[in-house]
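Q: Could you look at this predicted model? Sequence included:
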Amino acid sequence: MAMALLRREGKRFATTPFIRSEEIVPQGTRSISTQIVRNRMKSVKNIQKITKAMKMVAASKLRGIQSKAENSRGVFQPFAALLGDLPSVDVKKNVIVTISSDKGLCGGINSTAVRMSKAMYKLASGTSYIHSASNDFGGPDKEIKYVILGEKAKAQLIRDSRKDIELSITDLQKNPLNYTQVSVLADDILKNVEFDALRIIFNKFQSVVSFLPTMATILSPEVIEREAESGGKLGDLDSYEVEGGETKAEVLQNLSEFQFSCVMFNAVLEHACSEQGARMSAMDSSSRNAGDMLDRLTLTYNRTRQAAITTELIEIISGASALTG
Amino acid sequence: MVIIPATTGQMGVLPGHVATIAELKPGVLSVHDGNDVSKYFVSSGFAFIHANSFADIVAVEAVPLDQIDASQVQKGLAEFNQKLSSASTDLEKAEAQIGVDVHSALNFALSG
């Protein structure tokens, strides 16, 4: 009976012009082949092994870098206490420093950083629809450039903003991050890019599963002086006595550069920490998905096998009963 | 009280000090807490003294003085002195000068 059914199926396939002839089940095949399902199960199992291993690696890297990132917060906080963080400051030359990772498979942290950078770009260039007449922030006379750290943001931003990318630096995390390395990097940016305000965009690490896209604003010495004199949010700065250096401007220059390197140091560490956390949770969920998939495949595999066995048994039994009857 | 090695000279800071921003030079930073004194060597950085009797000191490097190896300091000092005398460009000279400054400050801190 089953053979007849198969033969009829075969005929039906043969009459369908879209199916090539080698895909027809050959005559005399007794059961449905489970080869494909078995191969699929093997590959899913291998993927699961890899994602599990990646999760372990991310977890151990995270432990190392987390304490470093948390300690580095003490380095930039004094600057925040003294100079504050003025994201709304209105200046001509804006430089957006986007920090991203070199490697993928870490959830959406790189896309978040890129999206925030693009939003900042639109806001500063005045092309955003949020921009209104009452908001004098941003405008067509602004110069906005990108400085990119890491392969991932570069790949995303190069598509539509190639002309605005001033500098891009990759392979930062080959060696363990330290201050010396970051200050060389900061020096590189300071030398090659003209700016009135640097806006560093990174993901601040909160916990293994939550990251806060953050922007830190660094002002150039001239802008700091301007803001301090106009008595805005930096008005307090004028009450400080300045010691060392020939002039106040010189000290402010040193201060601003040092602030940039310290904030960068913190930002790079926070981002590296977020990256490992995001990778850990992404790999955790993909291991779990692979497990679910494997369960479903195993069920299908067993069912098909059972069905084949049952069919064969029925054939044998009905054959035997036909002979005796 | 803290004693800060500012570029303009040693600066003692007590509560109520006038708000100041000071650049640091290589030298000894000492923190006095009652009778306890802890001494650190700082290479460079900034000190912010706020009007509300808070002070922030940010240093590129800060090392407890007792962790510094005197023989290494002597070696480094000699090395940079030699580099300074053989330096040809301005950049090399400036770099060697910084090395000499840091090491002689270290030497002074250890002996004094």
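A: All right, it came through fine.
Q: how about low-confidence regions in the chain?
A: Since you didn't name a chain, this refers to chain A. Within chain A, the stretches with pLDDT under 70 are A:1-32, A:127-140, A:231-233, A:245, A:325.
Q: that answer is for a different chain, and I need it for chain B
A: The model of chain B has pLDDT under 70 over residues B:112.
Q: for it, which helix is longest?
A: Taking DSSP state H as the criterion, chain B has its longest helix at helix B:90-111.
Q: how far is that helix from where the chain is centred?
A: Distance of helix B:90-111 from the chain centroid (CA atoms, centre = their mean, to the nearest Å) equals 11 Å.
Q: domain assignment for chain B?
A: B:2-66, B:69-111 (automatic domain parsing).
Q: any chance of the ones you listed in TSV, with mean neighbour count too?
A: C-beta coordinates here come from the backbone N, C-alpha and C atoms, glycine included. Formatted as TSV, these follow (neighbours: other CB atoms under 10 Å in any protein chain shown):
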stretch	mean neighbour count
domain B:2-66	16
domain B:69-111	14
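Q: Looking at those domains, spot the one closest to chain A.
A: domain B:2-66 (3.3 Å; CB to the nearest CB).
Q: And the residue located most distally from the centre of chain B, how far from residue B:98?
A: Distance from the centre of chain B peaks at residue B:88, with 27.3 Å (CA atoms, centre = their mean). Relative to residue B:98, residue B:88 is positioned 17 Å away (CB to CB, to the nearest Å).
Q: swap in residue A:40?
A: 63 Å.
Q: quick check, the residue farthest from the centre of chain B in a helix?
A: No - counting by DSSP: H, G, I helix; E, B strand; the rest coil, residue B:88 is not found in a helix; it is coil.
Q: how about the nearest residue to residue A:238, chain neighbours excluded?
A: Using CB to CB, 6 or more residues apart in numbering or on different chains and skipping residues adjacent in sequence, the residue nearest residue A:238 is residue A:228, 5.2 Å away.
Q: pretty sure that neighbour is touching residue A:237, no?
A: Yes - using CB atoms under 8 Å, residue A:228 is in contact with residue A:237, at 4.1 Å.
Q: for chain A, what are the nearby residues on chain B?
A: B:6-8, B:11, B:18-23, B:45-46, B:48, B:50-51, B:54, B:56-58, B:60 (CB under 8 Å from any CB of the partner chain).
Q: need the contact list for the nearest residue to residue A:234 once chain neighbours are set aside.
A: Excluding its sequence neighbours, the residue lying closest to residue A:234 (CB to CB, 6+ apart) is residue A:227, at 4.0 Å. Counting by CB atoms under 8 Å, 6 or more residues apart in numbering or on different chains, residue A:227 makes contact with A:86, A:89, A:219, A:233-234, A:237.
Q: name the element the residue nearest to residue A:238 belongs to?
A: Taking DSSP states H and E as the definition, one finds residue A:228 inside helix A:221-230.
Q: Please enumerate the strands of chain B.
A: Secondary structure of chain B, counting by DSSP state E: strands at B:2-6, B:9-13, B:20-24, B:27-33, B:36-42, B:45-49, B:55-59, B:62-64.
Q: Distance to residue A:95 added to these, as JSON lines?
A: Output for the strands of chain B, formatted as JSON lines (distance: least, CB to CB, whole Å):
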{"stretch": "strand B:2-6", "distance to residue A:95": "32"}
{"stretch": "strand B:9-13", "distance to residue A:95": "35"}
{"stretch": "strand B:20-24", "distance to residue A:95": "25"}
{"stretch": "strand B:27-33", "distance to residue A:95": "34"}
{"stretch": "strand B:36-42", "distance to residue A:95": "30"}
{"stretch": "strand B:45-49", "distance to residue A:95": "23"}
{"stretch": "strand B:55-59", "distance to residue A:95": "23"}
{"stretch": "strand B:62-64", "distance to residue A:95": "31"}
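Q: what's the closest of these to residue A:60?
A: Minimum separation from residue A:60 across the strands of chain B (CB to CB) falls at strand B:62-64, 28.5 Å.
Q: Could you name the helices and strands sitting against that closest one?
A: With contacts taken as 3 or more CB pairs under 8 Å, 6 or more residues apart in numbering or on different chains; DSSP states H and E, strand B:62-64 sits against strand B:36-42.
Q: Within the sheet, what are the partner strands of the strand it packs on, with directions?
A: strand B:27-33 (antiparallel), strand B:62-64 (antiparallel) (DSSP bridges).
Q: Contacts made by that strand with the rest, please.
A: With CB under 8 Å, 6+ apart as the test, strand B:36-42 has contacts from B:5, B:24, B:26-31, B:57, B:59-65, B:68, B:105-106, B:109.
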